[in-house]
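Asker: Take a look and give me a structure for this.
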Amino acid sequence: MAESLAIIILLGLPANKLFEKFKMPGLLGMLILGIIIGPMVLIYYNKI
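Answerer: Modelled structure (predicted):
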């Protein structure tokens, strides 16, 4: 579970910066990333 949170945070920060660069709210980047990653990708990652 801690690894899953680390993945979300480590990928969320660059998404935040990318969206802020385009003058959009950084939180939107994190939300979209969460939708793309979703729980299914994290479950697959934990099975490896």
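Asker: can you point me to the longest helix in this structure?
Answerer: Secondary structure of the chain read by DSSP state H shows that its longest helix is helix 26-47.
Asker: Show me where this structure dips below the pLDDT cut-off.
Answerer: By pLDDT under 70, the weakly predicted segments of the chain are 1, 42, 46, 48.
Asker: ok, residue 28 touching residue 19?
Answerer: Yes - Residue 28 lies in contact with residue 19 (Cβ atoms under 8 Å); the separation is 5.5 Å. Using the backbone N, CA and C atoms, a C-beta is placed for each residue, glycine as well.
Asker: list the contacts for residue 32?
Answerer: Residue 32 is in contact with residue 15, counting by Cβ atoms under 8 Å, 6 or more residues apart in numbering.
Asker: how close does it get to residue 16?
Answerer: According to Cβ to Cβ, to the nearest Å, residue 32 stands 11 Å off from residue 16.
Asker: Next, count neighbours for residue 29.
Answerer: Look at residue 29: counted by other Cβ atoms under 10 Å, it has 22 neighbours.
Asker: Noted, bye for now.
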